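Visitor: sequence? don't have it. structure:
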Ligand SMILES: Nc1ncnc2c1ncn2[C@@H]1O[C@H](COP(=O)(O)OP(=O)(O)O)[C@@H](O)[C@H]1O
Ligand SMILES: O=C(CO)[C@H](O)[C@H](O)COP(=O)(O)O
């Protein structure tokens, strides 16, 4: 049996009974659990022998060290592997035919999802990292969650998503990280925002936000970090480049490129952006369609991760769009709220609207007629919940809440000063007083405060002309909270449900499988 792995043996209920843990350099907990992503599949437990085979494979590969892929510090968190299978013969744990892998990089962790050729979820893995995680932790988490997929040697394609406008400054020849990451909610300094707003055609433009990727590019230009031989990369671009022969992250996608100023109607960098030589020199050299094949897994990455060199590498997307794609909506007015560390909303609309003053922008979805994903992302969400309670307490205290009645509390829950959406105000203070002595009452007020922000977000989209929301599906860690969903339903005024798959990694796996056709 491999070292360091706490094997779980599925009981009749499918719940895991942890077996004695085994030592390893990286603790990799393999657990069998009910699927976090809900598909129309019947989950079967994968027997322990398969897990052992997985771990032994993993250890074999770990002997393979790579210059650029040298895993430095082990991933700081264990990789928990939730493994179940549909369409998997319980005897060998192998999926029939090709598989498609999605990897989601969120605020607090990384997740992989693996679909078989029938679109059924055959395995999933996750690895947590701290809120100050950077490229080294992302890279190690990538290795953990991909190596934990027993079917990865059958992978026909892989696609990743990252947090939007999380940016790195890289050296162009070799992709080495020179500065950053400046995270998605990082507010650039006044001089950078001023330089950025002097370029954009309107203060309402998505790139005009103080957290935009363009503001970050301007900040690196002004502080002298950006210079000849440097290039800006999004988190997703940099991670994707680890899979390719091309060492420099020169390819992005038009979802991640929105906040850098990319023109989603012309599908080109706009003249007003290219007119600034310093910014133009930093731009990714290619903007692909999300899901478009941009290469194949390199020999180096194949040995590192256990993917075949025949595996296509698809251009990625952002985390909240991946969550939207996993939710399987179909109609205009349908929306997905991602309740992760932050709260990002996306609604299908035929009308492209944007107003940086409210943190509202439109991503290009595709289709004929062209559809847009209108929305924004608040700094509120799970991060402030985790500041106040651990996840177990949230689940326990939620049981005491009556979602049909109002808490009488008026909170604006934020993890720190500053908000992006539905108002863009870097000085907005959290409001979490008065705090009742009863924790369940306090949580009730917090969940209501979060729900009011969500409702205000959908109302803002309507006021800007995007239309009214008709139904909300939920993704992210908060999707599991049924009482919170009922509070949201009461305050938003439309049906609210959990998405069929609540993990963004499933959306990226669908993008790997369907490619650009997924965008209509
Ligand atoms: N039972 C629950 N009710 C509400 N929120 C929950 C519950 N369990 C976990 N969460 C929230 O889910 C969040 C993590 O979701 P996740 O999608 O992993 O976030 P991210 O990918 O942004 O890091 C945490 O911030 C946590 O507060
Ligand atoms: O807040 C976030 C962190 O999860 C999102 O990454 C991001 O801000 C949402 O942006 P987009 O709408 O471009 O996906």
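Guide: Noted; the coordinates are in hand. Worth saying up front: this structure is predicted, and the values here are computed from it rather than measured. Ligands and ions are numbered 1, 2, ... in the order given.

Visitor: C-alpha only now, for contacts and for neighbours.
Guide: Will do.

Visitor: Test my guess that residue 458 contacts residue 469.
Guide: Yes: between residue 458 and residue 469 there is a contact under Cα atoms under 8 Å: 6.6 Å.

Visitor: which stretches of this protein form helices?
Guide: Taking DSSP state H as the criterion, the chain carries its helices at 48-62, 135-147, 190-197, 213-222, 235-241, 271-274, 277-280, 299-305, 319-327, 382-388, 391-398, 439-463, 482-492, 504-514.

Visitor: In the fourth one, which residues are buried?
Guide: I take that to be helix 213-222. Neighbour-count burial for helix 213-222 flags 213-221 (criterion: 16 or more other Cα atoms under 10 Å).

Visitor: of all the residues in this structure, which ones are close to ligand 1?
Guide: Contacts of the chain with ligand 1, taken as Cα under 6 Å from any ligand atom, map to 106-109, 340-342, 382-383, 385-386, 391, 394-395, 476-478, 480-481.

Visitor: Report the buried members of the residues you listed.
Guide: Buried among the residues of the chain next to ligand 1 by 16+ other Cα under 10 Å: 106-107, 109, 340-342, 382-383, 385, 394, 476-478, 480.

Visitor: Which ones among those lie within strands?
Guide: Residues of these located in strands (DSSP state E): residue 109.

Visitor: rewinding a little: turn the buried residues of helix 213-222 into a markdown table, including pLDDT.
Guide: Below are the buried residues of helix 213-222 laid out as a markdown table (pLDDT from 0 to 100):
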| residue | pLDDT |
| --- | --- |
| 213 | 98 |
| 214 | 98 |
| 215 | 98 |
| 216 | 98 |
| 217 | 98 |
| 218 | 98 |
| 219 | 98 |
| 220 | 98 |
| 221 | 98 |
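
Visitor: Intersect these with the contacts of ligand 2.
Guide: Taking Cα under 6 Å from any ligand atom as the test, ligand 2 is in contact with none of these.

Visitor: Between these, which sits nearest residue 407?
Guide: Minimum distance to residue 407 across those is 38.5 Å, recorded for residue 213 (Cα to Cα).

Visitor: got a list of what the closest one touches?
Guide: Applying Cα atoms under 8 Å, 6 or more residues apart in numbering, we find residue 213 in contact with 165-167, 207, 259-260.

Visitor: from those residues, which is closest to residue 274?
Guide: Taking Cα to Cα as the measure, residue 260 is the one of the contacts of residue 213 closest to residue 274, at 11.6 Å.

Visitor: Contacts only, for the closest one.
Guide: Applying Cα under 8 Å, 6+ apart, the residues near residue 260 are 165, 207, 212-214.

Visitor: Could you report the neighbour count for residue 224?
Guide: Residues lying near residue 224 (other Cα atoms under 10 Å) number 9.

Visitor: Ramachandran angles for it?
Guide: Dihedral pair for residue 224: phi 80, psi 0, per degrees, to the nearest 10.

Visitor: Name the residues of stretch 247-260 that are buried.
Guide: Going by neighbour count (16+ other Cα under 10 Å), the buried part of stretch 247-260 is 247-260.

Visitor: Okay, now the unreliable bits of the stretch 251-400 of the chain?
Guide: Filtered on pLDDT under 70, the stretch 251-400 of the chain yields no residues whatsoever.

Visitor: what does it put close to ligand 2?
Guide: Within reach of ligand 2 by Cα under 6 Å from any ligand atom, the stretch 251-400 of the chain has these residues: 318-321, 342, 344, 376-377.

Visitor: Where neighbours are concerned, which of those residues has the most?
Guide: Most surrounded of those: other Cα under 10 Å gives residue 320, at 33 neighbours.

Visitor: Was I right to think that residue contacts residue 347?
Guide: No: at 11.1 Å, residue 320 does not count as touching residue 347 under the criterion of Cα under 8 Å.

Visitor: ok, which stretches of the stretch 251-400 of the chain are strands?
Guide: 251-253, 286-288, 293-296, 312-318, 334-339, 343-349, 361-366, 371-378 (DSSP state E, counting those that start in this stretch).

Visitor: Pick the most buried one from these.
Guide: Among the strands of the stretch 251-400 of the chain, strand 312-318 has the highest mean neighbour count (mean count of other Cα atoms under 10 Å), at a mean of 29.

Visitor: partners of that one in the sheet?
Guide: Strand 312-318 pairs in its sheet with strand 155-162 (parallel), strand 293-296 (antiparallel), by DSSP bridges.

Visitor: dump the residue contacts of the residue sitting nearest the centre point of the chain.
Guide: Nearest to the geometric centre of the chain sits residue 319, at 2.8 Å (Cα atoms, centre = their mean). Residue 319 sits next to 104-106, 161-164, 504 when contact means Cα under 8 Å, 6+ apart.
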